[in-house]
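J.: give the three-dimensional model of this entry:
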Amino acid sequence: MTDESRCTWCGTDPLYIAYHDTEWGVPERDGRALYEKLMLDGFQAGLAWITILRKRENFRRAFEGFEPARIARWGEAEVARCLADPGIVRHRGKIEAAIDGARAWERIEAREGFSDFLWSFVGPAPLQPARPDMAAVPTETPESRAMSKALKAEGFRFVGPTIVYAFMQAVGMVNDHVVTCHRHAALAGPGA
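T.: All right, here's what the predicted structure looks like:
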């Protein structure tokens, strides 16, 4: 596989290439996994995604596998533990946002299912915009703005429309692999 057949954003870092080739854009419907990715995207705010990707296993350890039911019960002791952990991004606001997000996740999960709630912004199947190149990929869309507004209303933080659009791309709600990328066609089929 040549670099030219990939989206250019993944560069040449082997970890980034593996993420691009196996995870990014693959439709995710597991509510816990969606919570994890949304929280990691929040931690990414102001940083490069590769920074978070390199620390992802540390985040999973520190955040108890991103199990919302556990994180929703956290208090100051857990926040302090995370603030002392050099393996993650140590930002009090983002750590506390993950706790608030876990509590919001529980309410949404009980009401309608977190996955169903999120996927309702795009419909039952991923959006298939067929972008010709990276210049055609937007940083936000009407769907990401609507999802951002709804998430904020539920109590989530660090979920602006740009972060939410990056999340939507990563979890396969939109197939933003450019049409020349080898992953575009693989994720363009019905029910991809």
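J.: how about the strands of this protein, start to end?
T.: Using DSSP state E, the chain contains no strands.
J.: in it, mark out all the helices, start to finish.
T.: Ranges of helices in the chain, per DSSP state H, are 14-22, 31-44, 49-62, 68-71, 76-83, 92-111, 114-119, 142-154, 161-170, 182-186.
J.: mind putting those into TSV with distance to Ser5, mean neighbour count and mean pLDDT?
T.: Every residue, glycine included, has its C-beta placed from N, CA and C. Shown next, in TSV, are the helices of the chain (distance: least, CB to CB, whole Å; neighbours: other CB atoms under 10 Å; pLDDT from 0 to 100):
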stretch	distance to Ser5	mean neighbour count	mean pLDDT
helix 14-22	10	14	96
helix 31-44	25	21	98
helix 49-62	20	16	97
helix 68-71	37	18	98
helix 76-83	39	14	98
helix 92-111	35	19	98
helix 114-119	29	20	98
helix 142-154	27	18	98
helix 161-170	18	22	98
helix 182-186	4	16	95
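J.: just put those helices in a markdown table and tack on distance to Thr8.
T.: Below are the helices of the chain laid out as a markdown table (distance: least, CB to CB, whole Å):
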| stretch | distance to Thr8 |
| --- | --- |
| helix 14-22 | 10 |
| helix 31-44 | 19 |
| helix 49-62 | 14 |
| helix 68-71 | 34 |
| helix 76-83 | 34 |
| helix 92-111 | 28 |
| helix 114-119 | 27 |
| helix 142-154 | 21 |
| helix 161-170 | 14 |
| helix 182-186 | 13 |
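J.: mind checking the ones you listed for the one nearest to Gln128?
T.: When these are compared by CB to CB, helix 182-186 sits nearest Gln128, at 9.1 Å.
J.: contacts for the closest one next, please.
T.: 1, 5-7, 20-21, 24-25, 130, 175, 177-178, 192 (CB atoms under 8 Å, 6 or more residues apart in numbering).
J.: ok, which pair from these is furthest apart?
T.: Largest separation among the contacts of helix 182-186 by CB to CB: Met1 and Ala130, giving 20.7 Å.
J.: higher neighbour count, these two?
T.: A count of neighbours by other CB atoms under 10 Å puts Ala130 above the other of Met1 and Ala130, at 12 against 8.
J.: doesn't Val179 make contact with that one?
T.: Yes. Ala130 lies in contact with Val179 (CB atoms under 8 Å); the separation is 5.4 Å.
J.: what count of nearby residues applies to Ala72?
T.: Neighbours of Ala72 (other CB under 10 Å): 17.
J.: over to Val159?
T.: Residues near Val159, counting by other CB under 10 Å: 26.
J.: so among the contacts of helix 182-186, where is pLDDT lowest?
T.: On pLDDT alone, Met1 ranks lowest of those, at 41.
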